[in-house]
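**Student:** here you go, sequence then predicted model.
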Amino acid sequence: MTDQLSNGSSAPRGCPVAHGGADDLTRLYGPDAALDPHSIYGRLRKEHGALAPVLLEGDIPAWLVLGYRENRRVLDNARQFSRDSRIWRDWKEGRVEATSPLIQMLGWRPDCVSQDGEPHRRLRGAVTDNLQSIAGRGIRRHVTHFANKQIDAFADEGSADLVGDYAEYLPMLVLTRLFGLPAAEGHNLAVSCAQVIKGGEGALAHNDRIMEILGELAERKRAEPGSDFTTGLLGHEAGLDDDEILSHLRLVLITAHTTTSNLLARVLQLILTDTSRLAGLVSGQLNITTVVEEVMWNTPPLAVLPGRFATADLELAGHHIKEGDLLVLGLTAGNLDPEIRPDTGVSIQGNQSHLAFSGGAHECPGQNIGQAIIETAVDVLVHRLPGLRLAVPADDLTSTASTWEARLDSLPVEFVAQTAAV
């Protein structure tokens, strides 16, 4: 870890420590951030309020939005806070290299996430139309099929790790079916998607591997169309070109898999560390949607959302933001903002105003699909494995965070050993 800003980078102009050097700014990456991001968010809130200057990988400066209302303002106002990274000052002035891991999350691509206004509406329409189309084509049936196959692999052992053996790969297996990919690609794609989100030196190579697989998929579907998401994009009336097709395949694959797998693991963690919730699900007295909603408030699958770029000089939460500054959205911090949740023990049942799905024009268009995958995966699991229980004390469960997310490391369980489903 370097002690000074790399590539001549400087802290965000206008921040309270703009002239203090990198040692005065908090890094959202590295060993300290990986262990306890919640403490970092709390300390930053105490020191800076609802908006804090931070450093991303490569010691690139950004503003972390911590307040719930401030997150909403940024998400809902594309005129002041654009998703188009071509106006990012540190990129324009050469402080962010093309090989930086940040580019995988923040770099401009010809997709709907990277654009605003009419270009965004055109491209997003193609995505939402096709997501709605595949949502009606037996997603729960696909999830049930792959969930049972995953469980069959460990059912007779009486124990498993529900992260590595279940949640980490199940959403990708479903996505391979929806995309028209061979299921055999699922494992490698899941690993590569996780590495792109995690960042680090391998992010670029893993992204290249994803693009290679998706490029081959698009060529195959041009020759052999099917009733899948890929074919739908290829034939959509919006007339997406080759680069737009590949960029949207990548976008949906990475975001859908990484967020759904993370959320599934967190939902399983919650029900296994609270036996009353597990009993309620098995008996049918508790609706799984209620559990998912609670997790989306307290541990959203993306802790920090990339990113928005100030279109002009402006004020936010008492800080002076300069045109071209990067802002990253603290979804977890915003959901736990004491200004709106002074007592996190109060029930939020039925309250869907959390930030987990982002917001504004760029709100996640595939949330219903993710919810269907999670609800079905949990239902199959709890009914397949009688006696399901956590195999370690709840306090022994650990997570590892990157800049963008905090993933559960493992979820060891025990149960009554079962024969494979027929």
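**Tutor:** Alright, I've got the coordinates.

**Student:** show me where pLDDT drops low in the chain?
**Tutor:** 1-23, 420-422 (pLDDT under 70).

**Student:** ok, longest helix in it?
**Tutor:** Scanning the chain for the longest helix, with DSSP state H as the assignment, gives helix 242-272.

**Student:** and the strands in the stretch 101-250 of the chain?
**Tutor:** For the stretch 101-250 of the chain, the strands defined by DSSP state E, counting those that start in this stretch occupy 159-161.

**Student:** where do the helices sit along it?
**Tutor:** Along the stretch 101-250 of the chain, counting by DSSP state H, counting those that start in this stretch, helices occupy 102-106, 117-135, 139-152, 170-179, 186-198, 203-223, 229-234, 242-272.

**Student:** which of the ones you listed is buried the deepest?
**Tutor:** Of the helices of the stretch 101-250 of the chain, the one with the most neighbours on average (mean count of other CB atoms under 10 Å) is helix 170-179, at a mean of 26. Every C-beta, even on glycine, is put in place using the N, C-alpha and C of the backbone.

**Student:** then it to PDB, C-alphas only?
**Tutor:** The C-alpha coordinates for helix 170-179 follow below in PDB (Å, rounded to 0.1, in the frame of the first residue of the first chain):
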ATOM      1  CA  LEU A 170     -26.600 -21.100  -8.300                       C
ATOM      2  CA  PRO A 171     -27.500 -17.700  -9.700                       C
ATOM      3  CA  MET A 172     -25.000 -18.100 -12.500                       C
ATOM      4  CA  LEU A 173     -26.300 -21.500 -13.500                       C
ATOM      5  CA  VAL A 174     -29.800 -20.000 -13.800                       C
ATOM      6  CA  LEU A 175     -28.300 -17.100 -15.900                       C
ATOM      7  CA  THR A 176     -26.600 -19.500 -18.300                       C
ATOM      8  CA  ARG A 177     -30.000 -21.000 -19.100                       C
ATOM      9  CA  LEU A 178     -31.600 -17.500 -19.500                       C
ATOM     10  CA  PHE A 179     -28.700 -16.300 -21.700                       C
END
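
**Student:** who are the packing partners of that helix?
**Tutor:** helix 139-152, helix 186-198, helix 229-234, helix 242-272, helix 367-384 (3 or more CB pairs under 8 Å, 6 or more residues apart in numbering; DSSP states H and E).

**Student:** what about stretch 161-172, distance to the chain center?
**Tutor:** Centroid displacement of stretch 161-172 relative to its chain, using CA atoms, centre = their mean, to the nearest Å, is 16 Å.

**Student:** should've said stretch 304-324
**Tutor:** 22 Å.

**Student:** same deal with stretch 161-173?
**Tutor:** 15 Å.

**Student:** same thing with stretch 277-288?
**Tutor:** 27 Å.

**Student:** which residues sit against that stretch?
**Tutor:** Val267, Leu270, Ile271, Leu272, Val291, Ile374, Glu375, Val378, Asp379, Val382, His383, Leu388 (CB atoms under 8 Å, 6 or more residues apart in numbering).

**Student:** over to stretch 253-264?
**Tutor:** 166-172, 175, 179, 189-190, 193-194, 196-197, 210, 214, 292, 295-296, 300-302, 364, 366, 369-370, 373-374, 377-378, 405, 407-408.

**Student:** isn't Pro110 up against Ser247?
**Tutor:** Yes - assessed by CB atoms under 8 Å, Pro110 is found in contact with Ser247 at 5.1 Å.

**Student:** any chance of CSV for the helices and strands packed on helix 170-179, columns distance to Val127?
**Tutor:** CSV is the format used below for those (distance: least, CB to CB, whole Å):
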stretch, distance to Val127
helix 139-152, 16
helix 186-198, 17
helix 229-234, 8
helix 242-272, 6
helix 367-384, 12
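
**Student:** of these, which is nearest Gln104?
**Tutor:** helix 186-198 (5.0 Å; CB to CB).

**Student:** run the chain-centre distance for the closest one.
**Tutor:** 12 Å.

**Student:** same thing with stretch 43-61?
**Tutor:** 20 Å.

**Student:** start to end distance for it?
**Tutor:** End-to-end distance of stretch 43-61: 18 Å, with CA to CA, to the nearest Å as the criterion.

**Student:** name the residues of that stretch that come out as buried.
**Tutor:** Neighbour counts using 16 or more other CB atoms under 10 Å place 44-45, 48, 50-61 of stretch 43-61 among the buried residues.

**Student:** skipping adjacent residues, who's closest to His248 in space?
**Tutor:** Once flanking residues are discounted, His248 sits nearest to Asp111: 5.3 Å by CB to CB, 6 or more residues apart in numbering.

**Student:** and the one you found, what does it touch?
**Tutor:** Leu123, Glu244, Ser247, His248, Arg250, Leu251.

**Student:** wait, the third one sits on Gly107?
**Tutor:** Put plainly, it is Ser247. No - applying CB under 8 Å, one finds Ser247 not in contact with Gly107, separated by 10.8 Å.

**Student:** what touches both of the two?
**Tutor:** Between them, Ser247 and Gly107 share no contacting residue, judged by CB under 8 Å, 6+ apart.

**Student:** what about Ile87, distance to Ala310?
**Tutor:** 8 Å (CB to CB, to the nearest Å).

**Student:** mind checking which of these two has more residues around it?
**Tutor:** Neighbours of Ile87 and Ala310, each counted by other CB atoms under 10 Å, are more numerous for Ala310; the result is 23 against 18.

**Student:** got a list of what that one touches?
**Tutor:** Going by CB under 8 Å, 6+ apart, the list of residues near Ala310 reads Gln80, Phe81, Ser82, Ile321, Lys322, Glu323, Gly324, Asp325, Leu327.

**Student:** send over stretch 121-140 as PDB, restricted to the C-alpha atoms.
**Tutor:** C-alpha atoms of stretch 121-140 as PDB (Å, rounded to 0.1, in the frame of the first residue of the first chain):
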ATOM      1  CA  ARG A 121     -33.700   5.300 -22.500                       C
ATOM      2  CA  ARG A 122     -33.100   3.600 -25.900                       C
ATOM      3  CA  LEU A 123     -30.600   1.100 -24.500                       C
ATOM      4  CA  ARG A 124     -32.400   0.500 -21.200                       C
ATOM      5  CA  GLY A 125     -35.600  -0.200 -23.100                       C
ATOM      6  CA  ALA A 126     -33.900  -3.100 -24.900                       C
ATOM      7  CA  VAL A 127     -32.700  -4.500 -21.600                       C
ATOM      8  CA  THR A 128     -36.000  -4.200 -19.700                       C
ATOM      9  CA  ASP A 129     -38.100  -5.500 -22.600                       C
ATOM     10  CA  ASN A 130     -36.000  -8.700 -22.700                       C
ATOM     11  CA  LEU A 131     -35.700  -9.100 -19.000                       C
ATOM     12  CA  GLN A 132     -39.500  -8.900 -18.800                       C
ATOM     13  CA  SER A 133     -39.700 -11.500 -21.600                       C
ATOM     14  CA  ILE A 134     -37.500 -14.000 -19.900                       C
ATOM     15  CA  ALA A 135     -39.100 -13.400 -16.500                       C
ATOM     16  CA  GLY A 136     -42.200 -15.100 -17.800                       C
ATOM     17  CA  ARG A 137     -40.400 -18.200 -19.000                       C
ATOM     18  CA  GLY A 138     -40.200 -20.400 -16.000                       C
ATOM     19  CA  ILE A 139     -37.400 -18.800 -14.000                       C
ATOM     20  CA  ARG A 140     -38.600 -20.500 -10.800                       C
END
